[in-house]
Every structure is written in C-alpha cells, then in structure tokens.
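Visitor: Give me the fold of what follows.
(one chain, ligands or ions: 1)
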Amino acid sequence: MWRLAGLLLGGAIIGRVLLASAWIGIALVALSLLAWHYLRLWRVLRLLRERRLLVAPLGRGVWGELESLLYRRQRESLVRKRKLASILRAYRQVAAAVPDGAVVLERQGLAILWFNDSAARLLGLRYPHDLGARFTNLLRTPRVLEWFNGPDRLEPLLDLTVPGNDNVRLSLRLIAYTENQWLLVVRDISTLMRLEQVRRDFVANVSHELRTPLTVIHGYLDMLEPGDNPEWAPIIEEMRTQTGRMAQIVEDLLMLSRLEAQSRASDETVIMSSLLRTLEREAQALSRGRQHIQVVDTAQCDLAGSLKELHSAFSNLVSNAVRYTPDGGKITIRWQRRDDGGAMLSVTDTGVGIPAQHIPRITERFYRVSSSRSRDSGGTGLGLSIVKHVLGRHHAQLLIESEVSIGSSFACVFGPGSVREHR
Ligand code: ADP
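Guide: Below you'll find the predicted structure:
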C-alpha cells in the first residue's frame with residue numbers, strides 16, 4: 001500500500017510539473033500499473049493453460065508469491081504422480097506375477113476391460129486384441145454361458161476345460177469388484193482334481209475288492225449252525241450282524257462312488273404316487289409296527305430325475321426316521337407343492353432329535369451325532385451323504401430342522417424345473 005501511495009504521489013508530482021495536471025500523472029501511473037498486472041496475470045494463465053511447468057519463480061510482490069505457491073503445488077503434484085505411477089507399476093507386476101488369472105469384466109455387457117498374463121495363458125486370451133470383447137463370445141462353452149446367466153454365478157464354477165487347453169482343469173470365480181465391474185478369478189485346479197480322482201478311484205476300488213470276500217464270509221456265516229456248542233449261537237449271530245453292516249457300508253461307498261463318477265442324473269419321469277407307496281411299504285417293514293407311519297400326498301405331480309437315486313435318497317431319510325424314533329412315535333412322509341411352483345418331499349418324525357451344533361456337519365461322510373447310538377441303530381454313517389449327493393445332482397436342497405427329544409424334519413426341496421405335472 002505504501003508503495004502504491006508513493007507511486008501515485010510520484011505520478012501526481014510529475015504530472016503537475018510536466019503535464020500541468022496532477023490527475024493526468026496519477027491516471028498514467030494507474031494505467032501503467034494496470035497494464036503491468038494484466039501482463040503478469042496473462043503470463044501465469046498462459047503457463048497454466050499450456051500445462052507448462054513454471055521455472056523457479058522469481059518475481060517479488062504479490063505475483064512472485066502467487067507464482068511461488070503455484071510452483072510448489074506443481075512440484076508436489078509431480079512427486080505424487082511419480083509415486084502413483086510407481087505404485088501402479090508395482091501393482092501391475094504383482095497382478096502379472098500371481099499364478100491365478102484375473103480378468104476385469106463389465107457387468108452389463110461382460111466386455112473384457114483388463115486381464116493379467118496368467119489369465120491370457122489359462123484362457124488363451126490375446127492382448128490387446130481381446131480387450132473390449134464380450135467374454136462369453138471368447139469362451140463359448142455351454143457351461144460358462146449357463147453359469148453366467150444362472151442364479152448361482154457367485155458360486156465357483158469348478159472343473160472347466162478350455163478348448164485347445166484340454167489337459168488343464170480350471171475353476172472360475174466371480175467377485176463383485178465395483179458397482180459395474182466383475183473380477184473373474186481363474187485358477188488351475190488340475191493337480192487338485194487329479195488328487196480327488198485318485199481318492200475317488202481308491203475308495204471305489206477298495207469297496208469293490210471288499211465286496212466279494214464279504215459276500216463269501218456272509219454266505220458261510222448264514223450256513224453256520226452252533227450244533228453241539230449252543231454257546232456259539234450269540235457269537236455267530238453277532239458275526240452275521242457285523243458282516244451285514246460291513247456289506248452295507250461297502251454298498252453305500254460304492255453308491256457314493258457311482259454318484260460322484262457320473263456328472264448328471266438321468267432325466268426320466270419319476271412317478272411319485274408309486275414311489276410313495278414303496279416308501280410306505282419299506283417304512284412299515286422296518287418299523288414292524290413300532291411307530292405310526294403316515295403318508296400325505298397333496299402335490300399331485302411327479303419329478304424329473306433318476307428313480308433309482310431318488311428312491312435311495314428318500315428311503316435313507318425314511319430309514320433314519322424309523323431308526324431314530326422310539327416305539328410309539330410318529331413318522332410322516334409328505335409330498336407337497338411349494339409356492340414357487342416347485343415341490344417338496346419331507347420326512348418328519350417325533351424321534352430323538354439332533355442337537356443344533358451337529359446339524360451343519362450331519363451330511364458329511366461318517367459324521368455321527370453319537371457313534372454308539374448310530375451303531376446300535378445299524379447305521380453306516382453314509383446315509384445323509386448319499387441324500388446330499390443325490391439332491392445335488394437333481395438341483396435340489398436338503399433342509400434340516402430338529403429339536404432334541406421333540407423330533408426332526410428332513411425336507412428335499414425341488415425347483416419348478418424338476419416338477420412334471422400330471423397329464
Ligand atoms: P447313520 O447311518 O449313522 O444313520 P446318516 O448319515 O444317515 O448316518 O446320519 C448321520 C447322523 O445323523 C446319524 O448318526 C444320526 O445321529 C443323525 N440322524 C440322522 N437322521 C436322524 C433322525 N431322523 N433323527 C435323529 N438323528 C438323525
């Protein structure tokens with residue numbers, strides 16, 4: 001302000017002396033000051049507009065201060081940009097180095113936005129040629145299309161092979177990445193699948209090899225009589241029971257191996273009224289009048305699937321209900337429709353029930369709530385595993401509700417796609 005006042009005063013004096021009017025002097029000084037500030041402003045604006053870096057600022061006064069502030073901000077943003085670029089480079093190197101493939105997809109059109117080297121290797125994608133292409137146009141297998149369009153696309157898609165890379169087994173997993181992008185993670189699970197195959201073959205072979213010797217032993221035991229040694233009678237009877245149990249375990253293991261070996265259940269029409277009659281007959285035979293058995297059929301429809309498998313699953317549930325329900329209890333087999341157009345077969349009993357903490361694990365192989373109780377009841381520990389496998393192959397779900405000392409309910413829930421209406 002002092003400097004401005006000095007300049008104006010100087011202008012007034014010079015104006016008065018040279019131009020006979022102090023105001024003309026003041027006006028000339030003011031005009032030159034305006035022009036000078038305008039020039040400085042224009043210079044800064046031009047630098048900013050052209051995105052040029054200021055060379056160290058050097059003026060004084062208000063413009064010097066402004067330039068030095070701008071200079072400092074520019075340097076800071078330059079340093080930040082370099083840091084960001086190096087983080088991005090490191091991130092890209094990590095993404096490229098991980099053995100799992102990663103593909104970023106647009107949610108709407110499934111266009112490929114980015115993929116790493118592993119994704120290119122595992123899926124046969126080409127960079128940059130495939131960027132922007134629709135993922136399902138490049139990987140056209142029906143399983144992938146079905147998975148992307150189906151309701152289970154957030155569940156991993158396992159054991160996929162890609163044309164041209166037949167000996168590699170992949171798993172695909174979709175992760176919601178941002179609001180309009182998916183992250184597709186591709187993993188090579190060939191070793192895992194091979195190990196799984198070895199395990200499956202081992203169980204199947206052992207069960208198969210045990211079957212013949214067990215049948216022979218069981219056959220001879222059936223013919224064996226205690227004769228002159230009546231004290232042998234309970235021993236022979238126990239041997240018969242135990243070989244019978246072993247034979248049942250082997251049969252259940254073989255059934256599970258068969259279920260695992262075939263990928264899809266057959267698609268015949270399973271006539272439910274006749275299956276329900278068979279289940280009722282089997283329940284009566286097992287129960288021998290100890291429990292009250294009731295069959296309720298309100299569904300008036302049939303099922304699509306494999307009769308053999310569904311029969312095996314349902315009769316496992318019925319046999320459990322009989323085995324875990326004390327004398328005088330009640331067992332209800334109910335076949336009914338659901339609001340969504342699907343149908344449900346449930347087996348409800350008034351038996352011993354299952355403590356809540358065991359329910360999540362009850363369908364695992366050989367998992368038992370109480371091994372002595374299961375053994376006494378003649379169980380193999382594989383029944384519910386078979387039920388779960390069979391239902392999985394029929395796209396159905398097993399719902400379990402149970403309360404200790406009150407009873408249990410096992411419901412097999414089938415979607416509308418599995419229902420066949422009566423003609
Ligand atoms: P198991 O041959 O031992 O019965 P499952 O796989 O059929 O094997 O059943 C696993 C366990 O679940 C059983 O050991 C039993 O404890 C429990 N369970 C199954 N069904 C019932 C039921 N209806 N009531 C009570 N417990 C049950």
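
Visitor: Every contact and neighbour count from this point should use C-alpha atoms.
Guide: OK.

Visitor: how far does stretch 415-422 sit from the chain's center?
Guide: Offset of stretch 415-422 from its chain centre (Cα atoms, centre = their mean, to the nearest Å): 26 Å.

Visitor: Ok, stretch 178-196 next?
Guide: For stretch 178-196 - counting by Cα atoms, centre = their mean - the centre lies 10 Å from the chain centre.

Visitor: Convert that stretch to PDB, retaining C-alpha atoms only.
Guide: Below are the C-alpha coordinates for stretch 178-196, written out as PDB (Å, rounded to 0.1, in the frame of the first residue of the first chain):
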ATOM      1  CA  THR A 178     -17.000 -52.300  -8.300                       C
ATOM      2  CA  GLU A 179     -20.600 -51.300  -8.900                       C
ATOM      3  CA  ASN A 180     -20.400 -52.000 -12.600                       C
ATOM      4  CA  GLN A 181     -17.400 -54.400 -12.800                       C
ATOM      5  CA  TRP A 182     -16.800 -58.100 -12.000                       C
ATOM      6  CA  LEU A 183     -13.400 -59.500 -11.100                       C
ATOM      7  CA  LEU A 184     -13.200 -63.000 -12.600                       C
ATOM      8  CA  VAL A 185     -10.500 -65.200 -10.900                       C
ATOM      9  CA  VAL A 186      -9.300 -68.200 -12.900                       C
ATOM     10  CA  ARG A 187      -7.400 -70.900 -11.100                       C
ATOM     11  CA  ASP A 188      -5.600 -74.000 -12.400                       C
ATOM     12  CA  ILE A 189      -7.000 -76.900 -10.200                       C
ATOM     13  CA  SER A 190      -5.600 -79.700 -12.400                       C
ATOM     14  CA  THR A 191      -3.500 -81.100  -9.500                       C
ATOM     15  CA  LEU A 192      -6.300 -80.900  -7.100                       C
ATOM     16  CA  MET A 193      -8.700 -82.700  -9.500                       C
ATOM     17  CA  ARG A 194      -6.100 -85.400 -10.100                       C
ATOM     18  CA  LEU A 195      -5.700 -86.000  -6.300                       C
ATOM     19  CA  GLU A 196      -9.500 -86.000  -6.000                       C
END
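
Visitor: So which residues make contact with it?
Guide: With contact meaning Cα atoms under 8 Å, 6 or more residues apart in numbering, stretch 178-196 is reached by 99-108, 119, 122, 159, 167-177.

Visitor: in its sheet, what does the longest strand anywhere in the chain sit against?
Guide: Ranked by number of residues, the top strand in the chain under DSSP state E is strand 165-178. Strand 165-178 pairs in its sheet with strand 157-162 (antiparallel), strand 181-188 (antiparallel), by DSSP bridges.

Visitor: List the contacts of the first one.
Guide: To tie it back to what came earlier, the one meant is strand 157-162. Defining contact as Cα under 8 Å, 6+ apart, one finds that strand 157-162 is touched by 123, 139, 141, 147, 167-173, 189, 193.

Visitor: Top of those residues by number of neighbours, please.
Guide: Leu172 (22 neighbours; other Cα atoms under 10 Å).

Visitor: Send me stretch 349-358 as PDB with only the CA atoms.
Guide: What follows is stretch 349-358, C-alpha atoms only, in PDB (Å, rounded to 0.1, in the frame of the first residue of the first chain):
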ATOM      1  CA  ASP A 349     -40.500 -87.800  13.000                       C
ATOM      2  CA  THR A 350     -41.100 -87.500  16.700                       C
ATOM      3  CA  GLY A 351     -37.800 -89.100  17.500                       C
ATOM      4  CA  VAL A 352     -34.700 -88.300  19.500                       C
ATOM      5  CA  GLY A 353     -33.800 -85.100  17.500                       C
ATOM      6  CA  ILE A 354     -30.400 -83.700  16.800                       C
ATOM      7  CA  PRO A 355     -28.600 -81.100  18.900                       C
ATOM      8  CA  ALA A 356     -28.300 -77.800  16.800                       C
ATOM      9  CA  GLN A 357     -24.500 -77.800  16.800                       C
ATOM     10  CA  HIS A 358     -24.400 -81.100  14.800                       C
END
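
Visitor: residues of that stretch that come out buried?
Guide: Of the residues in stretch 349-358, 349-354 count as buried by neighbour count, 16 or more other Cα atoms under 10 Å.
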